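A.B. asks: Here's a sequence, model it:
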Amino acid sequence: MPERENDALNYGVGVEPAKVEAGQSYWMAIKIHHLTPQENQGRSLLYIDILDEGGKRAYGAQARVSWPGGSQVVTVDKPLSEPGTNFPLWPGQLCSVEVLGLPSDRVTGIHNDHPDEGPGNTRFHHSFLVVFQKVVKEEGRSVIKGEVVGGAGKTILLLRQGEVVSAKIIGEDERFAFEKLPAGVYTLTVPGTDLRVEDIELDGLETITLRLVLEEKSKPIYHYLLFGPPERPEVQVDILLASEYIMHFGPVVGFSLEEASNAANVTIIGDYDRVSLQEEELLKGKGCTVRRITGDAYQLKAILSDLVDKGTPFPQA
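C.D. replies: The predicted model follows:
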């Protein structure tokens with residue numbers, strides 16, 4: 001299966017992959033190109049070509065160009081000296097294109113409202129070429145797996161050709177796995193961090209195991225133990241029950257959501273009547289890995305004592 005070429009990412013043009021199963025034929029967008037000023041010569045067109053499995057032009061194949069409020073079907077019928085068909089781009093029009101007859105990738109974000117690039121590509125005079133080819137969805141068997149030290153609870157993204165293929169939540173054991181991957185070149189990244197691993201080459205069969213380390217540069221506190229309002233009697237009991245845990249692991253202890261947001265790891269003691277779900281989500285939004293320990297006094301004491309015995313400050317999700 002061919003690799004996709006897309007030099008129009010910086011112009012906001014992306015791809016919504018076709019929803020197909022392994023072994024199923026579909027139309028793949030194999031090339032997306034923003035014409036240079038020399039190529040465009042002041043035009044404003046969406047050029048479309050459609051190829052068969054062997055890479056030859058599929059005369060008679062049709063594509064649908066859509067925009068808010070309308071659509072038009074175009075047919076591949078041009079001579080080989082030019083792209084198979086074209087569609088005029090008008091100012092203010094935001095287009096997408098897909099091929100008919102089979103499941104198809106959908107190329108989105110096509111418009112001509114881009115800044116001047118000199119003669120040939122002025123505002124409202126930009127053109128794009130999209131080439132589709134009939135392919136069979138590969139049954140990938142490659143795996144990328146491993147651990148991200150310091151990454152528990154964070155999202156790790158797998159990209160191919162600059163597009164997100166899959167997203168996973170890193171487990172409490174700091175492990176992740178992306179499975180059933182076809183051959184290709186991939187990138188791993190954890191949003192909101194500097195972690196990025198590029199040029200991971202897969203042959204469609206192999207398994208690659210990685211050990212990555214996430215640096216928490218922006219969080220001055222490693223672990224914050226967050227309690228509810230200190231004036232509440234039940235919170236005072238929570239603090240007493242956690243005293244052995246606090247002495248053993250030495251987290252920063254407090255009642256401040258703002259202070260807790262400066263921690264890489266936040267453990268909330270108590271149910272949502274003490275620290276609300278909204279406050280928990282706020283901490284997650286600030287890049288904290290948040291865990292919560294709940295239960296009555298006996299359960300809370302048992303959980304905290306068990307963590308001390310196991311030598312880990314963090315409960316499993």
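
A.B. asks: And the helices in this structure?
C.D. replies: Applying DSSP state H to the chain gives helices spanning 37-40, 233-241, 243-249, 257-260, 277-285, 297-310.

A.B. asks: These: which one's closest to E53?
C.D. replies: Minimum separation from E53 across the helices of the chain (C-beta to C-beta) falls at helix 37-40, 27.8 Å. (C-beta placed from N, C-alpha, C; glycine too.)

A.B. asks: contacting residues around N112?
C.D. replies: N112 makes contacts with S44, L89, W90, P91, Q93, R123, F124, H125, H126, S127, as judged by C-beta atoms under 8 Å, 6 or more residues apart in numbering.

A.B. asks: Over to Y11?
C.D. replies: H34, G109, H114, H126, F128.

A.B. asks: Pipe the helices of the chain into CSV and attach mean neighbour count, mean pLDDT and distance to P83 per row.
C.D. replies: Output for the helices of the chain, formatted as CSV (neighbours: other C-beta atoms under 10 Å; pLDDT from 0 to 100; distance: least, C-beta to C-beta, whole Å):
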stretch, mean neighbour count, mean pLDDT, distance to P83
helix 37-40, 15, 96, 11
helix 233-241, 15, 93, 69
helix 243-249, 15, 92, 65
helix 257-260, 16, 94, 57
helix 277-285, 14, 91, 45
helix 297-310, 15, 91, 64
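
A.B. asks: Mind putting the ones you listed into CSV with distance to E5?
C.D. replies: Below are the helices of the chain laid out as CSV (distance: least, C-beta to C-beta, whole Å):
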stretch, distance to E5
helix 37-40, 15
helix 233-241, 58
helix 243-249, 51
helix 257-260, 46
helix 277-285, 36
helix 297-310, 51
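
A.B. asks: Go through these and name the closest to Y222.
C.D. replies: Closest to Y222 of the helices of the chain is helix 243-249 (C-beta to C-beta; 10.2 Å).

A.B. asks: Against which helices or strands is the closest one packed?
C.D. replies: Applying 3 or more C-beta pairs under 8 Å, 6 or more residues apart in numbering; DSSP states H and E, one finds that helix 243-249 contacts strand 221-226, helix 297-310.

A.B. asks: The nearest residue to D116 once chain neighbours are set aside and F87: what is the separation?
C.D. replies: Leaving out its chain neighbours, the residue that sits closest to D116 by C-beta to C-beta, 6 or more residues apart in numbering is T122, at 4.8 Å. Distance, T122 to F87, using C-beta to C-beta, to the nearest Å: 20 Å.

A.B. asks: which of those two has more neighbours?
C.D. replies: A count of neighbours by other C-beta atoms under 10 Å puts F87 above the other of T122 and F87, at 20 against 17.

A.B. asks: so what are the domain limits for this structure?
C.D. replies: Listed by automatic domain parsing, the domain ranges of the chain are 5-136, 142-213, 221-310.

A.B. asks: Now tabulate the ones you listed in a markdown table and tack on distance to Q316.
C.D. replies: Converted to a markdown table, those look like this (distance: least, C-beta to C-beta, whole Å):
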| stretch | distance to Q316 |
| --- | --- |
| domain 5-136 | 34 |
| domain 142-213 | 5 |
| domain 221-310 | 9 |
